[in-house]
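K.L.:
output the structure for:
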Amino acid sequence: MADRSRRRDYSLTGPEGKRAQERGLTAAEWYTSPIPRQKMKELMKRRNGPAIRDTLIWFGGLAVLGYLAYLSWGTWWAIPAFLAYGILYATPGDSRWHECGHGTAFKTPWMNEALYQIASFMVLRSATPWRWSHARHHTDTIIVGRDPEIITERPPIWRILLMQIFHLYGGPIEIKRFALHAMGRLEKEEKEYIPDSQRTKTFWEARVYLLILLAIVGACVYSGSILPAMFVFLPSFYGAFVVIAFGITQHLGLYEDVLDHRLNSRTIYMNRLCRFLYWNMNYHTEHHMFPMVPYHALPKLHEEMKADCPAARPGLLAALKEVIDALRKQKHDPAYVVVKPLPATARPYYYGTGVQGESPVSVR
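P.N.:
Here you go, the predicted model:
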(Lines give C-alpha, C1' and ligand atoms only; values in the text may rest on other atoms or scores of the structure.)
Protein backbone atom coordinates (compact mmCIF):
# COMPACT_ATOMS: atom_id res chain seq x y z
CA MET A 1 0.00 0.00 0.00
CA ALA A 2 1.29 3.48 -0.87
CA ASP A 3 2.37 5.82 1.86
CA ARG A 4 -0.47 8.34 2.01
CA SER A 5 1.25 10.61 4.52
CA ARG A 6 3.90 11.86 2.09
CA ARG A 7 3.37 14.84 -0.21
CA ARG A 8 3.13 13.61 -3.78
CA ASP A 9 4.90 15.16 -6.75
CA TYR A 10 2.20 16.65 -9.00
CA SER A 11 4.60 17.76 -11.73
CA LEU A 12 4.46 16.11 -15.14
CA THR A 13 8.17 15.33 -15.06
CA GLY A 14 8.35 13.62 -11.65
CA PRO A 15 8.02 9.99 -10.56
CA GLU A 16 4.21 9.99 -10.23
CA GLY A 17 3.70 10.00 -13.99
CA LYS A 18 5.79 6.86 -14.39
CA ARG A 19 4.00 5.25 -11.46
CA ALA A 20 0.64 6.00 -13.09
CA GLN A 21 1.80 4.36 -16.30
CA GLU A 22 2.93 1.27 -14.42
CA ARG A 23 -0.49 1.02 -12.77
CA GLY A 24 -2.33 1.24 -16.08
CA LEU A 25 -3.88 4.65 -15.34
CA THR A 26 -2.62 6.50 -18.42
CA ALA A 27 -4.62 6.64 -21.65
CA ALA A 28 -6.80 4.01 -19.99
CA GLU A 29 -10.32 2.78 -20.71
CA TRP A 30 -12.70 4.77 -18.50
CA TYR A 31 -16.08 3.77 -17.17
CA THR A 32 -19.05 5.11 -19.16
CA SER A 33 -22.70 5.05 -18.23
CA PRO A 34 -24.92 2.96 -20.52
CA ILE A 35 -26.58 5.25 -23.08
CA PRO A 36 -28.46 3.79 -26.08
CA ARG A 37 -26.44 4.24 -29.26
CA GLN A 38 -29.19 6.14 -31.10
CA LYS A 39 -29.73 8.47 -28.15
CA MET A 40 -25.99 9.22 -28.00
CA LYS A 41 -25.94 10.02 -31.71
CA GLU A 42 -28.76 12.52 -31.15
CA LEU A 43 -26.99 14.11 -28.19
CA MET A 44 -23.73 14.48 -30.10
CA LYS A 45 -25.27 16.42 -32.99
CA ARG A 46 -23.60 19.80 -33.42
CA ARG A 47 -25.55 22.95 -34.21
CA ASN A 48 -24.58 26.54 -34.93
CA GLY A 49 -27.79 28.14 -33.66
CA PRO A 50 -27.41 27.90 -29.86
CA ALA A 51 -23.78 29.08 -29.85
CA ILE A 52 -24.42 31.95 -32.29
CA ARG A 53 -27.35 33.09 -30.12
CA ASP A 54 -25.32 32.87 -26.91
CA THR A 55 -22.30 34.60 -28.46
CA LEU A 56 -24.42 37.51 -29.69
CA ILE A 57 -25.97 37.82 -26.22
CA TRP A 58 -22.53 37.70 -24.61
CA PHE A 59 -20.88 40.34 -26.79
CA GLY A 60 -24.04 42.44 -26.76
CA GLY A 61 -24.01 42.34 -22.96
CA LEU A 62 -20.34 43.32 -22.92
CA ALA A 63 -21.08 46.28 -25.20
CA VAL A 64 -23.93 47.51 -22.97
CA LEU A 65 -22.07 47.01 -19.68
CA GLY A 66 -18.90 48.45 -21.19
CA TYR A 67 -20.73 51.59 -22.25
CA LEU A 68 -22.29 51.99 -18.80
CA ALA A 69 -18.87 51.44 -17.21
CA TYR A 70 -17.36 54.08 -19.51
CA LEU A 71 -20.04 56.59 -18.54
CA SER A 72 -19.46 55.85 -14.84
CA TRP A 73 -15.66 56.25 -14.99
CA GLY A 74 -14.50 58.70 -12.35
CA THR A 75 -17.49 58.08 -10.07
CA TRP A 76 -18.27 55.49 -7.41
CA TRP A 77 -20.70 53.91 -9.85
CA ALA A 78 -17.67 52.65 -11.76
CA ILE A 79 -17.09 49.96 -9.10
CA PRO A 80 -20.34 47.98 -9.65
CA ALA A 81 -20.31 48.78 -13.38
CA PHE A 82 -16.84 47.40 -13.98
CA LEU A 83 -17.48 44.52 -11.59
CA ALA A 84 -20.42 43.42 -13.74
CA TYR A 85 -18.39 43.96 -16.91
CA GLY A 86 -15.46 41.97 -15.52
CA ILE A 87 -17.65 39.02 -14.55
CA LEU A 88 -19.25 38.96 -18.00
CA TYR A 89 -15.81 39.26 -19.62
CA ALA A 90 -13.94 36.58 -17.68
CA THR A 91 -16.55 33.96 -16.82
CA PRO A 92 -17.98 33.30 -20.29
CA GLY A 93 -14.47 33.84 -21.64
CA ASP A 94 -13.39 30.81 -19.62
CA SER A 95 -16.34 28.61 -20.58
CA ARG A 96 -16.28 29.63 -24.26
CA TRP A 97 -12.54 28.95 -24.36
CA HIS A 98 -13.29 25.52 -22.94
CA GLU A 99 -16.16 24.45 -25.18
CA CYS A 100 -14.72 25.87 -28.39
CA GLY A 101 -11.46 24.12 -27.57
CA HIS A 102 -13.41 20.87 -27.76
CA GLY A 103 -14.75 21.94 -31.14
CA THR A 104 -18.33 21.20 -30.14
CA ALA A 105 -19.90 24.63 -29.52
CA PHE A 106 -20.56 25.30 -33.21
CA LYS A 107 -21.13 22.91 -36.09
CA THR A 108 -18.90 25.06 -38.34
CA PRO A 109 -15.20 24.48 -37.49
CA TRP A 110 -13.97 28.01 -38.24
CA MET A 111 -16.53 29.45 -35.82
CA ASN A 112 -15.18 27.24 -33.04
CA GLU A 113 -11.63 28.27 -33.87
CA ALA A 114 -12.40 31.99 -34.10
CA LEU A 115 -14.17 32.15 -30.74
CA TYR A 116 -11.54 29.86 -29.20
CA GLN A 117 -8.74 32.25 -30.18
CA ILE A 118 -10.64 35.31 -28.93
CA ALA A 119 -11.61 33.68 -25.63
CA SER A 120 -8.08 32.32 -25.11
CA PHE A 121 -6.67 35.83 -25.21
CA MET A 122 -9.46 37.18 -23.01
CA VAL A 123 -8.63 34.71 -20.22
CA LEU A 124 -4.86 34.93 -20.88
CA ARG A 125 -4.32 31.35 -21.98
CA SER A 126 -2.00 30.43 -24.82
CA ALA A 127 -4.46 28.92 -27.28
CA THR A 128 -2.48 26.01 -28.70
CA PRO A 129 -0.69 24.90 -25.51
CA TRP A 130 -3.94 24.96 -23.57
CA ARG A 131 -5.72 22.97 -26.27
CA TRP A 132 -3.20 20.17 -25.75
CA SER A 133 -3.13 20.62 -21.98
CA HIS A 134 -6.88 20.19 -21.89
CA ALA A 135 -6.71 17.13 -24.13
CA ARG A 136 -4.36 15.57 -21.58
CA HIS A 137 -6.74 16.62 -18.78
CA HIS A 138 -9.51 14.61 -20.44
CA THR A 139 -7.31 11.64 -21.27
CA ASP A 140 -5.86 11.36 -17.74
CA THR A 141 -8.36 13.24 -15.59
CA ILE A 142 -6.96 13.93 -12.09
CA ILE A 143 -4.24 11.31 -12.55
CA VAL A 144 -1.34 12.66 -10.47
CA GLY A 145 1.77 13.21 -12.55
CA ARG A 146 -0.21 13.21 -15.80
CA ASP A 147 -2.98 15.80 -15.56
CA PRO A 148 -1.57 19.35 -16.01
CA GLU A 149 -4.82 21.00 -14.88
CA ILE A 150 -5.11 19.83 -11.27
CA ILE A 151 -5.89 23.09 -9.46
CA THR A 152 -4.13 22.24 -6.22
CA GLU A 153 -2.36 19.27 -4.76
CA ARG A 154 -2.98 17.51 -1.45
CA PRO A 155 -2.63 18.86 1.17
CA PRO A 156 -4.06 21.95 -0.55
CA ILE A 157 -1.90 25.01 -1.12
CA TRP A 158 -4.25 27.73 0.14
CA ARG A 159 -1.98 30.53 -1.04
CA ILE A 160 -2.54 29.50 -4.65
CA LEU A 161 -6.30 29.18 -4.24
CA LEU A 162 -6.58 32.59 -2.58
CA MET A 163 -4.39 34.26 -5.19
CA GLN A 164 -6.54 32.77 -7.95
CA ILE A 165 -9.57 34.69 -6.69
CA PHE A 166 -8.11 37.56 -8.71
CA HIS A 167 -6.03 35.38 -11.08
CA LEU A 168 -2.85 36.57 -9.39
CA TYR A 169 -1.19 33.16 -9.52
CA GLY A 170 -2.09 31.83 -12.95
CA GLY A 171 -2.22 35.21 -14.71
CA PRO A 172 1.45 36.19 -14.23
CA ILE A 173 2.51 32.64 -15.08
CA GLU A 174 0.66 32.85 -18.39
CA ILE A 175 2.18 36.24 -19.25
CA LYS A 176 5.65 34.81 -18.58
CA ARG A 177 4.75 31.91 -20.88
CA PHE A 178 3.74 34.38 -23.60
CA ALA A 179 7.20 35.92 -23.37
CA LEU A 180 8.90 32.52 -23.34
CA HIS A 181 6.88 31.28 -26.32
CA ALA A 182 7.51 34.51 -28.22
CA MET A 183 11.23 33.72 -27.96
CA GLY A 184 10.61 30.27 -29.44
CA ARG A 185 10.89 28.28 -26.23
CA LEU A 186 8.64 25.99 -24.17
CA GLU A 187 8.57 25.13 -20.50
CA LYS A 188 9.85 21.66 -19.62
CA GLU A 189 6.38 20.40 -18.67
CA GLU A 190 4.81 21.78 -21.86
CA LYS A 191 7.10 19.53 -23.87
CA GLU A 192 5.29 16.58 -22.27
CA TYR A 193 2.02 17.28 -24.11
CA ILE A 194 2.53 19.83 -26.93
CA PRO A 195 3.39 17.99 -30.18
CA ASP A 196 6.42 19.20 -32.13
CA SER A 197 4.12 20.04 -35.05
CA GLN A 198 2.26 22.61 -32.92
CA ARG A 199 5.24 24.53 -31.61
CA THR A 200 5.57 27.09 -34.43
CA LYS A 201 1.87 27.93 -34.08
CA THR A 202 2.36 28.31 -30.32
CA PHE A 203 5.22 30.78 -30.81
CA TRP A 204 3.36 32.95 -33.32
CA GLU A 205 0.23 33.09 -31.18
CA ALA A 206 2.32 34.34 -28.26
CA ARG A 207 3.85 37.07 -30.42
CA VAL A 208 0.38 38.26 -31.46
CA TYR A 209 -0.78 38.22 -27.82
CA LEU A 210 2.20 40.30 -26.74
CA LEU A 211 1.63 42.82 -29.55
CA ILE A 212 -1.97 43.26 -28.38
CA LEU A 213 -0.84 43.69 -24.77
CA LEU A 214 1.76 46.26 -25.85
CA ALA A 215 -0.93 48.10 -27.82
CA ILE A 216 -3.08 48.24 -24.68
CA VAL A 217 -0.15 49.60 -22.67
CA GLY A 218 0.45 52.16 -25.42
CA ALA A 219 -3.20 53.22 -25.34
CA CYS A 220 -2.99 53.70 -21.57
CA VAL A 221 0.16 55.79 -21.88
CA TYR A 222 -1.29 57.85 -24.73
CA SER A 223 -4.55 58.54 -22.88
CA GLY A 224 -2.89 59.00 -19.51
CA SER A 225 -5.40 56.56 -18.00
CA ILE A 226 -5.73 52.85 -17.23
CA LEU A 227 -9.23 52.94 -18.77
CA PRO A 228 -8.25 51.03 -21.96
CA ALA A 229 -6.83 48.20 -19.81
CA MET A 230 -10.01 48.16 -17.72
CA PHE A 231 -11.85 46.94 -20.81
CA VAL A 232 -9.22 44.54 -22.18
CA PHE A 233 -6.67 42.64 -20.05
CA LEU A 234 -7.48 43.75 -16.48
CA PRO A 235 -10.96 42.10 -16.49
CA SER A 236 -9.08 38.79 -16.59
CA PHE A 237 -7.99 39.65 -13.05
CA TYR A 238 -10.72 41.72 -11.39
CA GLY A 239 -13.48 39.56 -12.91
CA ALA A 240 -11.90 36.20 -12.15
CA PHE A 241 -13.52 35.34 -8.82
CA VAL A 242 -16.57 33.71 -10.40
CA VAL A 243 -14.27 31.69 -12.67
CA ILE A 244 -12.41 30.20 -9.70
CA ALA A 245 -15.66 29.67 -7.76
CA PHE A 246 -16.98 27.57 -10.62
CA GLY A 247 -13.61 25.93 -11.30
CA ILE A 248 -12.87 24.56 -7.84
CA THR A 249 -16.19 22.71 -7.76
CA GLN A 250 -15.30 20.57 -10.78
CA HIS A 251 -12.91 18.08 -9.17
CA LEU A 252 -11.53 19.25 -5.82
CA GLY A 253 -12.23 17.10 -2.78
CA LEU A 254 -12.88 14.03 -4.92
CA TYR A 255 -10.80 11.00 -5.89
CA GLU A 256 -7.45 11.04 -7.62
CA ASP A 257 -6.10 8.14 -9.72
CA VAL A 258 -9.37 6.42 -10.58
CA LEU A 259 -10.99 5.55 -13.91
CA ASP A 260 -14.58 6.58 -13.20
CA HIS A 261 -15.62 10.20 -13.66
CA ARG A 262 -18.44 9.69 -11.18
CA LEU A 263 -15.68 9.51 -8.54
CA ASN A 264 -13.56 12.47 -9.60
CA SER A 265 -16.02 14.97 -11.11
CA ARG A 266 -18.94 16.87 -9.62
CA THR A 267 -22.28 17.83 -11.17
CA ILE A 268 -24.15 20.80 -9.73
CA TYR A 269 -27.59 22.22 -10.35
CA MET A 270 -27.37 25.92 -11.19
CA ASN A 271 -29.82 28.66 -12.10
CA ARG A 272 -30.25 29.78 -15.70
CA LEU A 273 -27.93 32.80 -15.41
CA CYS A 274 -25.06 30.76 -14.00
CA ARG A 275 -25.60 28.10 -16.64
CA PHE A 276 -25.36 30.77 -19.35
CA LEU A 277 -22.13 32.13 -17.89
CA TYR A 278 -20.73 28.63 -17.42
CA TRP A 279 -22.17 27.17 -20.66
CA ASN A 280 -23.60 24.19 -18.77
CA MET A 281 -20.22 23.03 -17.47
CA ASN A 282 -21.97 22.51 -14.13
CA TYR A 283 -22.89 19.14 -15.68
CA HIS A 284 -19.27 18.24 -15.25
CA THR A 285 -19.48 14.49 -14.70
CA GLU A 286 -21.51 14.25 -17.88
CA HIS A 287 -19.05 16.42 -19.80
CA HIS A 288 -16.05 14.34 -18.76
CA MET A 289 -17.71 11.03 -19.46
CA PHE A 290 -18.90 12.14 -22.91
CA PRO A 291 -16.81 15.21 -23.90
CA MET A 292 -18.07 15.26 -27.50
CA VAL A 293 -21.62 16.10 -26.43
CA PRO A 294 -22.14 19.86 -27.06
CA TYR A 295 -22.85 22.14 -24.12
CA HIS A 296 -26.46 22.74 -25.13
CA ALA A 297 -27.21 18.99 -24.93
CA LEU A 298 -25.69 18.42 -21.49
CA PRO A 299 -28.99 18.87 -19.57
CA LYS A 300 -30.53 16.11 -21.71
CA LEU A 301 -27.44 13.95 -21.21
CA HIS A 302 -27.80 14.48 -17.47
CA GLU A 303 -31.34 13.11 -17.59
CA GLU A 304 -30.09 10.03 -19.41
CA MET A 305 -27.27 9.45 -16.91
CA LYS A 306 -28.63 10.44 -13.51
CA ALA A 307 -29.91 6.96 -12.62
CA ASP A 308 -26.30 5.78 -12.92
CA CYS A 309 -24.67 8.70 -11.06
CA PRO A 310 -24.52 10.12 -7.55
CA ALA A 311 -26.98 12.90 -6.83
CA ALA A 312 -25.99 16.32 -8.17
CA ARG A 313 -25.15 19.01 -5.63
CA PRO A 314 -28.28 21.16 -5.13
CA GLY A 315 -26.52 24.46 -5.87
CA LEU A 316 -23.24 26.34 -6.15
CA LEU A 317 -23.10 27.27 -2.47
CA ALA A 318 -23.64 23.64 -1.42
CA ALA A 319 -20.87 22.54 -3.77
CA LEU A 320 -18.47 25.24 -2.51
CA LYS A 321 -19.17 24.21 1.09
CA GLU A 322 -18.46 20.58 0.21
CA VAL A 323 -15.19 21.54 -1.49
CA ILE A 324 -13.95 23.82 1.28
CA ASP A 325 -14.82 21.27 3.98
CA ALA A 326 -12.93 18.60 2.03
CA LEU A 327 -9.88 20.83 1.53
CA ARG A 328 -9.77 21.64 5.24
CA LYS A 329 -9.82 17.93 6.07
CA GLN A 330 -7.18 17.17 3.44
CA LYS A 331 -4.83 19.58 5.20
CA HIS A 332 -4.55 17.01 7.99
CA ASP A 333 -5.47 13.88 6.01
CA PRO A 334 -4.42 14.11 2.33
CA ALA A 335 -6.18 10.80 1.60
CA TYR A 336 -9.61 12.21 2.57
CA VAL A 337 -12.16 12.32 -0.26
CA VAL A 338 -15.86 13.04 -0.50
CA VAL A 339 -17.67 9.72 -0.85
CA LYS A 340 -20.81 10.10 -2.96
CA PRO A 341 -23.30 7.21 -2.62
CA LEU A 342 -24.77 5.84 -5.82
CA PRO A 343 -28.49 5.24 -6.36
CA ALA A 344 -29.71 1.65 -6.34
CA THR A 345 -30.14 1.82 -10.13
CA ALA A 346 -26.45 2.59 -10.75
CA ARG A 347 -23.65 0.30 -11.79
CA PRO A 348 -20.87 -0.06 -9.20
CA TYR A 349 -18.05 2.46 -9.12
CA TYR A 350 -15.01 1.49 -11.16
CA TYR A 351 -11.70 2.31 -9.50
CA GLY A 352 -9.53 0.76 -12.18
CA THR A 353 -6.26 -0.42 -10.71
CA GLY A 354 -7.13 0.75 -7.21
CA VAL A 355 -6.88 3.97 -5.26
CA GLN A 356 -3.31 5.12 -4.53
CA GLY A 357 -1.79 1.68 -4.65
CA GLU A 358 -4.54 -0.40 -3.08
CA SER A 359 -5.77 -3.58 -4.74
CA PRO A 360 -8.44 -3.16 -7.43
CA VAL A 361 -11.98 -2.78 -6.14
CA SER A 362 -15.37 -2.18 -7.67
CA VAL A 363 -18.03 -1.33 -5.13
CA ARG A 364 -21.29 0.57 -4.86
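K.L.:
contacting residues for residue 164?
P.N.:
151, 170, 240, 244 (Cβ atoms under 8 Å, 6 or more residues apart in numbering). C-beta here means a position set from N, CA and C on the backbone, and glycine is covered the same way.
K.L.:
go again using 7 Å as the cut-off
P.N.:
Applying Cβ atoms under 7 Å, 6 or more residues apart in numbering, we find residue 164 in contact with 170, 244.
K.L.:
likewise for residue 322?
P.N.:
253, 313, 338.
K.L.:
got the buried residues for the helix or strand where it lies?
P.N.:
In this structure, residue 322 is located in helix 316-332 according to DSSP states H and E. Applying a neighbour-count criterion of 16 or more other Cβ atoms under 10 Å, one finds 316, 319-320, 322-323, 326-327, 329-330 buried in helix 316-332.
K.L.:
how far off centre is it?
P.N.:
Remark: helix 316-332 is offset 18 Å from the chain centroid, using Cα atoms, centre = their mean, to the nearest Å.
K.L.:
what's the average pLDDT for it?
P.N.:
Here helix 316-332 scores 98 as its mean pLDDT.
K.L.:
which of the contacts of residue 322 sits closest to residue 67?
P.N.:
residue 313 (36.6 Å; Cβ to Cβ).
K.L.:
could you give the number of residues near the closest one?
P.N.:
Under the neighbour criterion other Cβ atoms under 10 Å, residue 313 is assigned a count of 21.
K.L.:
isn't there a helix covering residue 66?
P.N.:
Yes. Counting by DSSP: H, G, I helix; E, B strand; the rest coil, residue 66 is found in a helix.
K.L.:
that one against residue 85, yeah?
P.N.:
Yes. Counting by Cβ atoms under 7 Å, residue 66 sits close enough to residue 85 to count as a contact (5.7 Å).
K.L.:
which of the two has more residues huddled nearby?
P.N.:
Each of residue 66 and residue 85 has its neighbours counted (other Cβ under 10 Å); residue 85 has more, 25 against 21.
K.L.:
quick one: buried residues of the strand or helix carrying residue 214?
P.N.:
Following DSSP H and E, the helix or strand that holds residue 214 is helix 199-223. Neighbour-count burial for helix 199-223, with 16+ other Cβ under 10 Å as criterion, is recorded at 199, 202-203, 205-206, 209, 213, 216, 219-220.
K.L.:
stretch 285-302 too?
P.N.:
Residues 285-290, 293-298, 301-302 are the ones in stretch 285-302 that count as buried (16+ other Cβ under 10 Å).
K.L.:
please apply the same query to stretch 12-32.
P.N.:
Counting neighbours by 16+ other Cβ under 10 Å, stretch 12-32 gives 12, 16-17, 19-21, 23, 25-26, 30-31 as buried.
K.L.:
coming back round to it: looking at the contacts of residue 322, which are in helices?
P.N.:
Counted as lying in helices by DSSP state H, out of the contacts of residue 322, is not a single one.
K.L.:
of the buried residues of stretch 285-302, which belong to strands?
P.N.:
Per DSSP state E, strands hold no members of the buried residues of stretch 285-302.
K.L.:
out of these, who's nearest residue 120?
P.N.:
Distances from residue 120 to those, taken as Cβ to Cβ, are shortest for residue 295 (17.1 Å).
K.L.:
torsion angles phi and psi at the residue nearest the centre of the chain?
P.N.:
Central residue check for the chain by Cα atoms, centre = their mean: the C-alpha nearest the mean position is that of residue 247, 6.0 Å away. Summarising the backbone geometry of residue 247 under the convention degrees, to the nearest 10, its torsions are phi -60, psi -40.
K.L.:
next: the one 10 residues further on.
P.N.:
In this entry, residue 257 is assigned phi and psi values of phi 60, psi 50 (degrees, to the nearest 10).
K.L.:
what's the spacing between it and residue 100?
P.N.:
Residue 257 sits 30 Å away from residue 100 when distances are taken as Cβ to Cβ, to the nearest Å.
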